[in-house]
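Chemist: structural data only, the sequence is not supplied:
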């Protein structure tokens, strides 16, 4: 139920109030053109002018919003003087500025671009058309639209962007072919619902990754990139920010960071151990013996640890809201319980202790003197492997169960 409007308070005796001007109804806004800004006084007028003209030419109700991240060169005043709205963002960082701008945007669609005059803010039409057609994230693609000579360093053009985009496409099966294009349009509500968290340059990756994982409708349009008009070094730091993007992509993909290499290592280790337990194996001119058995044990234990890391990372990310809910998790949880984990781990531990006891008896039979290295290692290595796996399993079962506790 709506609350009844409050009656205006009467004037105090002997005083009169000046009549209040009627509040103007807020102009509806379809598109917000959002620019993060840190000392962009040299290029803001051109960027704002291009965006406003494009909106006017298209007949789209819109606004230009500058998310200022602590400029000291008068950028906020310049932005206002050229017709933009300004929101001040105290927390530093590309992602922090964009997140605050998205929150403050009045348009149901937001088109973001850098305020350095490198992106074609006069070319808003393809983004708006794709959004009107139902896309929830429209990525610009500079490689399809054109990169003016001098606009992108060779390191970024031929190594950084292709590699990071390739990693993102493989790990998350994203359709985007230019993961880090700074000009993109999106549904404000859809992107806010993603719960983006990063505050630095990796915000660009997080938006694409989460949009893909959450099943947003993603489109791609060509856009161009020109040399920026700043006349100073860019905020971007190639290696530092490249690593931040790569680190983010890996952290959000426990399957490829932990699970796949873990399964490969564990399988390889187990197969080699099984082959060498009965005795040395000869392949061509090479003989594999107990030294190979020892390294196979290391591979098996390491692989098992990585698989456990994958399970823990998946559960933690799902509980923390970093990854979308996986409908398979409740099904797996019904079968992989603490009790079953303890039983399996206890069986491995008991088998390892049994083999260790057998090794001691063999040693006893030899009068606790020197042993043939092959005989001793074929008992000791599997014994140690099973003991380590059993202990890992017991404590990991308890840790996994912590994440499985229902929350209110």
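Modeler: Nice, I can see it. Since the model is a prediction, treat every value here as computed from it, not as a measurement.

Chemist: shaky segments in the chain?
Modeler: For the chain, the stretches with pLDDT under 70 are 1-27, 233, 406-408.

Chemist: need the strands for it, in chain order.
Modeler: 31-37, 62-68, 85-88, 109-112, 137-141, 184-187, 218-222, 281-283, 286-288 (DSSP state E).

Chemist: dump the ones you listed to TSV, plus mean neighbour count and distance to residue 44.
Modeler: Just so you know, the C-beta spots here come from the backbone N, C-alpha and C atoms, and that holds for glycine as well. Putting these into TSV (neighbours: other CB atoms under 10 Å; distance: least, CB to CB, whole Å) gives the following:
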stretch	mean neighbour count	distance to residue 44
strand 31-37	28	7
strand 62-68	25	7
strand 85-88	16	10
strand 109-112	26	15
strand 137-141	24	20
strand 184-187	25	20
strand 218-222	19	24
strand 281-283	10	68
strand 286-288	11	68
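
Chemist: in JSON lines: these, plus distance to residue 326.
Modeler: As requested, the strands of the chain are arranged in JSON lines below (distance: least, CB to CB, whole Å):
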{"stretch": "strand 31-37", "distance to residue 326": "32"}
{"stretch": "strand 62-68", "distance to residue 326": "33"}
{"stretch": "strand 85-88", "distance to residue 326": "36"}
{"stretch": "strand 109-112", "distance to residue 326": "29"}
{"stretch": "strand 137-141", "distance to residue 326": "21"}
{"stretch": "strand 184-187", "distance to residue 326": "24"}
{"stretch": "strand 218-222", "distance to residue 326": "20"}
{"stretch": "strand 281-283", "distance to residue 326": "41"}
{"stretch": "strand 286-288", "distance to residue 326": "40"}
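
Chemist: out of these, which is closest to residue 119?
Modeler: Nearest of the strands of the chain to residue 119, taken as CB to CB: strand 137-141 at 7.4 Å.

Chemist: quick one: strands adjacent to the closest one?
Modeler: strand 184-187 (antiparallel), strand 218-222 (parallel) (DSSP bridges).

Chemist: who's in contact with the longest one?
Modeler: Okay, so that is strand 218-222. When contacts are defined by CB atoms under 8 Å, 6 or more residues apart in numbering, strand 218-222 is touched by residues 126-127, 130, 133, 135-141, 144-146, 174-178, 211-212.

Chemist: try it again at 7 Å.
Modeler: For strand 218-222, the external contacting residues (CB atoms under 7 Å, 6 or more residues apart in numbering) are 126-127, 130, 135, 137-141, 144-145, 175-177, 211-212.

Chemist: nearest residue to residue 107 other than its sequence neighbours?
Modeler: Sequence neighbours aside, residue 32 is the residue nearest to residue 107 in space, at 3.5 Å (criterion: CB to CB, 6 or more residues apart in numbering).

Chemist: what's the answer for residue 250, then?
Modeler: Residue 250's closest residue in space is residue 257 (CB to CB, 6+ apart), at 4.9 Å.

Chemist: one more: residue 401?
Modeler: Nearest to residue 401 is residue 338, by CB to CB, 6+ apart, at 4.2 Å.

Chemist: thought residue 41 was touching residue 76?
Modeler: No: here residue 41 does not reach residue 76: they are 9.6 Å apart, not a contact under CB atoms under 7 Å.

Chemist: picking up where we left off before, distance of the residue nearest to residue 401 relative to residue 330?
Modeler: According to CB to CB, to the nearest Å, residue 338 stands 16 Å off from residue 330.

Chemist: higher neighbour count, the two?
Modeler: residue 338 (13 against 10; other CB atoms under 10 Å).

Chemist: for the stretch 51-200 of the chain, which segments count as helices?
Modeler: 75-81, 94-104, 125-132, 142-145, 154-155, 161-172, 188-192 (DSSP state H, counting those that start in this stretch).

Chemist: between those, which one is nearest to residue 224?
Modeler: helix 142-145 (4.6 Å).

Chemist: that closest one packs against which elements?
Modeler: If contacts are counted by 3 or more CB pairs under 7 Å, 6 or more residues apart in numbering; DSSP states H and E, helix 142-145 sits against no helix or strand.

Chemist: cutoff 8 Å now
Modeler: strand 218-222 (3 or more CB pairs under 8 Å, 6 or more residues apart in numbering; DSSP states H and E).

Chemist: picking that back up, closest to residue 48 out of the strands of the chain?
Modeler: Proximity to residue 48 (CB to CB) singles out strand 62-68 among the strands of the chain, at 5.2 Å.

Chemist: list the strands paired with that closest one, with their directions.
Modeler: Short version: by DSSP bridges, strand 62-68 pairs with strand 31-37 (parallel), strand 85-88 (parallel).

Chemist: just how off-centre is it within its chain?
Modeler: With CA atoms, centre = their mean, to the nearest Å as the basis, strand 62-68 stands 26 Å off its chain's centre.

Chemist: so that strand versus helix 125-132, what angle?
Modeler: On the basis of axes from the mean of the first three to the mean of the last three CA atoms, to 10 degrees, strand 62-68 is oriented at 100 degrees to helix 125-132.

Chemist: what's in contact with strand 62-68?
Modeler: Identification of contacts with strand 62-68 by CB under 8 Å, 6+ apart yields 29-38, 44, 48, 51-52, 55, 75-76, 79, 83-89, 97-98, 100-101, 104-107, 115.

Chemist: show me where the stretch 251-400 of the chain has its helices.
Modeler: Going by DSSP H, counting those that start in this stretch, the stretch 251-400 of the chain shows helices at 254, 260-276, 290-320, 328-335, 338-365, 373-404.

Chemist: grab the nearest non-local neighbour of residue 196.
Modeler: Counting by CB to CB, 6+ apart, residue 196 lies nearest to residue 206, which is 5.3 Å off, once chain neighbours are set aside.

Chemist: now do the contacts for the one you found.
Modeler: Residue 206 sits next to 95, 196-198, 248, 252 when contact means CB under 8 Å, 6+ apart.
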